[in-house]
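Visitor: Need a 3D model of the following:
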Amino acid sequence: MKVKSILLAVLITTCVTIKAQWVTQVSGFSTPLGINDISIVDANVVWASAFDTTGTGTVNKFTRTLNGGTTWTAGSVTGAGALDISSIYAYTKDTAWVSMLDNNVGGGKIYRTNNGGTSWTAQSTASFSAPGGSTNFIYMFNKNNGVCVGDSNSGYWEIYTTINGGTNWTRVVTGNIPSNLAGEIGFENNYCAIGNTVWFGTSSGRVYKSNNMGATWTATATGLSAITRVAFKDANNGIATDGTTLVKTTNGGLTWTTLSHTGTLYNTDLIYVPGTIGTYISSGATFYGGSSNGSSYSTNDGATWTNVDAVGHSALAFLNSTTGWSGEVNTSATVKGMFKWTGTFTGIKNNDYIKEISLNVFPNPFSNQVTIVVNSGKTPLTNLSIEIIDVLGNIITKRNDFNENKIVLNRDNLANGVYFYKISDSSTVIGTGRLIAQ
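Guide: Numbering: from 1, shown residues only. This is a model prediction of the structure:
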C-alpha cells in the first residue's frame with residue numbers, strides 16, 4: 001500500500017526561536033495534527049487539511065480561517081469514514097474540494113462542500129477503486145473545470161477531469177497519458193498549476209504536463225531519480241527537486257538542466273511566491289528522515305537560498321510576497337498549528353512603506369463589478385494605478401483613474417477564473433492580491 005509522502009521528521013522539534021517573518025497561529029485541532037496542504041482564497045480566507053503525524057492514523061480533518069488567520073476553525077469531512085485527505089482546493093469561503101485516499105486497503109474519493117465545510121458530498125463518478133486507487137491531488141482551474149490525479153490503476157494513471165464542478169468526473173483515456181514506468185507513483189500535493197497548465201512530479205524523476213486542463217499529457221525525464229516537489233513561476237520557467245538536488249526548465253518542462261545552488265534547501269515543500277521576480281520558498285527537513293528543520297527562500301530563481309529559521313514547517317502557500325502560511329504540529333486546540341508570514345523579501349517591496357497600507361476589495365469573488373479602496377496611515381496617496389494580471393503574467397488591463405483612493409472595475413469581457421491585481425503609488429508597489437471572476 002502507498003506510504004504517505006509527507007515528511008514526518010520535520011514536525012517534532014526542540015524549542016527554538018522563530019525569526020520575525022513567521023508568526024504562530026492556532027490551527028484549532030483538538031489533538032496534535034500536521035498540515036499537509038494549504039489553499040488560499042484571498043488575504044482573509046484560507047483552508048488547510050490535516051494528517052496524522054505518526055503516519056498510521058486516519059485523519060479527515062480540515063481547518064479554515066475567515067479573518068487572515070486570527071482564528072482558525074477545525075472541522076471534519078462528513079461521511080468520509082476511514083479516508084485521509086491527500087489535498088484540498090478552496091474556491092471561496094464556502095466552496096472547497098478535497099481528494100481523499102484509503103492508506104490501508106486502497107481506493108479514494110473526491111468530496112465537495114458548498115457551506116463552508118459544515119457538510120460534504122462525495123463526487124462518486126471519480127471512482128479511484130480499491131485496491132489500486134490512490135489520489136495525489138485535486139486542482140480546480142475555475143469553479144467548473146478541474147483535474148484530480150491518482151496513481152496507476154488498471155494499468156495506467158488514474159486521472160479524472162470535470163467541466164461542471166465535479167458533478168461528473170470523466171477518466172482520461174490511456175491513449176492521452178504516457179505510460180507510467182514500473183513502480184512509478186506520484187506524491188501528495190506534488191504539483192503546480194498556472195492558467196490551463198498543470199505539472200506533477202513522480203517517483204521515477206519524471207514531470208508530467210498538461211496544457212489543456214488535464215485532457216492530454218506529456219512526460220519528460222529530469223535526470224533526477226525522483227521528483228518530490230515541482231514549482232513554476234510562469235508558463236516556461238520552473239524548478240524541481242528530489243529533496244537535495246535542483247533542476248530547472250526554461251521551456252515549460254520540455255527539457256531540464258541541473259541548477260547549482262548555495263544555501264539550505266528543505267524538502268517537504270517548495271513553492272513560487274506569486275508576483276515576485278523569482279522568489280521561491282522551501283520548508284521541512286534537509287533530508288528525508290532528518291532532524292535539521294526549517295524554512296528558506298531564494299530571490300534569484302533557486303540559485304541562492306537564505307535560511308529563515310530552524311522550525312518544523314510542513315505545507316506552504318503564498319498569496320503574494322507579504323502574505324503566506326505554512327503548517328506545523330499543534331499541541332492542543334489553543335496552541336500552535338499554523339505559521340503566518342509577516343515579513344518581506346529583499347528587493348521586492350519596501351515593507352516600511354506598505355505596512356501602513358490597507359486594501360479593501362469587495363465583493364471577491366465578483367460577478368459584475370469589484371470595488372477596491374486603498375487606505376494609508378501615512379501621507380495621502382497620489383498617482384494610484386492598478387494592473388489586472390492573468391495567471392500567465394499577462395497584463396489584462398491597467399487603470400489610473402482612481403477617485404482619490406477608490407476605483408470600481410467592471411467585469412467587461414473578463415472570463416471566469418483567477419486573476420491578480422497590483423496597485424502602485426507613483427513607482428512603488430503598495431499592494432497585491434488575488435481576484436476571482438465568476
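Visitor: so where do the helices sit in the chain?
Guide: Secondary structure of the chain (DSSP state H): helices located at 351-354.
Visitor: hey, which helix or strand in it has the poorest pLDDT?
Guide: The helix or strand of the chain with the poorest confidence is helix 351-354; it has a mean of 40 (mean pLDDT, DSSP states H and E).
Visitor: Could you count how many residues lie near residue 395?
Guide: Counted with other CB atoms under 10 Å, the neighbours of residue 395 add up to 10. C-beta coordinates here come from the backbone N, C-alpha and C atoms, glycine included.
Visitor: Is it bridged to anything, and to what?
Guide: Taking DSSP bridges as the rule, residue 395 bridges to residue 389.
Visitor: One more: the one 4 residues further on?
Guide: Note on residue 399: beta-bridge partners by DSSP bridges are residue 386.
Visitor: Report how many residues lie close to residue 263.
Guide: By other CB under 10 Å, 14 other residues sit near residue 263.
Visitor: these two touch, right, it and residue 297?
Guide: No - contact criterion CB atoms under 8 Å: residue 263 and residue 297 do not qualify, at 9.3 Å.
Visitor: which neighbours do the two share?
Guide: Listed as contacting both residue 263 and residue 297 by CB atoms under 8 Å, 6 or more residues apart in numbering are 305, 306.
Visitor: Isn't residue 430 up against residue 375?
Guide: No - with contact defined as CB under 8 Å, residue 430 does not reach residue 375; the gap is 10.7 Å.
Visitor: For these two, indicate the residue with more neighbours.
Guide: Taking residue 430 and residue 375 together and counting by other CB under 10 Å, residue 430 has the greater number of neighbours (20 against 12).
Visitor: So that one versus residue 406, what's the distance?
Guide: The spacing between residue 430 and residue 406, counted by CB to CB, to the nearest Å, is 15 Å.
Visitor: next one: residue 242
Guide: In this view, residue 242 and residue 406 are 49 Å apart by CB to CB.
Visitor: Do a quick rundown of the strands in the stretch 301-438 of the chain.
Guide: Shown for the stretch 301-438 of the chain, the strands assigned by DSSP state E, counting those that start in this stretch span residues 306-309, 316-320, 323-327, 337-341, 357-362, 369-376, 384-390, 395-399, 406-410, 417-425, 428-437.
Visitor: List the contacts of the third one.
Guide: If you take CB under 8 Å, 6+ apart as the criterion, strand 323-327 is touched by 22, 25, 27, 34-36, 38, 40, 43, 46, 48, 69, 269, 273, 281, 283, 295, 313-318, 337-341.
Visitor: Equivalent analysis for the fourth one, please.
Guide: Contacts made with strand 337-341 from outside it, assessed by CB under 8 Å, 6+ apart, are listed as 18, 21-29, 33, 35, 48, 63, 68-69, 72, 311, 313, 318, 322-330.
Visitor: Give me the distance from that strand to the chain's centre.
Guide: Centroid separation between strand 337-341 and its chain, computed with CA atoms, centre = their mean, to the nearest Å, is 14 Å.
Visitor: try the fifth one
Guide: Centre-to-centre, strand 357-362 and its host chain are 23 Å apart (CA atoms, centre = their mean).
Visitor: CA atoms only: put it into CSV for me.
Guide: What follows is strand 357-362, C-alpha atoms only, in CSV (Å, rounded to 0.1, in the frame of the first residue of the first chain):
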residue,chain,number,x,y,z
ILE,A,357,-1.3,50.5,3.7
SER,A,358,-4.6,48.5,3.8
LEU,A,359,-6.8,47.4,0.9
ASN,A,360,-10.5,46.7,1.0
VAL,A,361,-11.6,44.6,-2.1
PHE,A,362,-15.3,43.7,-2.4
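Visitor: Please work out the average pLDDT along that strand.
Guide: If you average the pLDDT over strand 357-362, you get 78.
Visitor: Kindly report the same for the shortest one.
Guide: Per-residue pLDDT over strand 306-309 has a mean of 87.
Visitor: just the strands in the stretch 101-250 of the chain please.
Guide: Here the stretch 101-250 of the chain has its strands, by DSSP E, counting those that start in this stretch, at 108-113, 121-122, 135-140, 146-153, 156-162, 170-171, 186-194, 197-202, 206-210, 218-221, 229-232, 238-241, 246-249.
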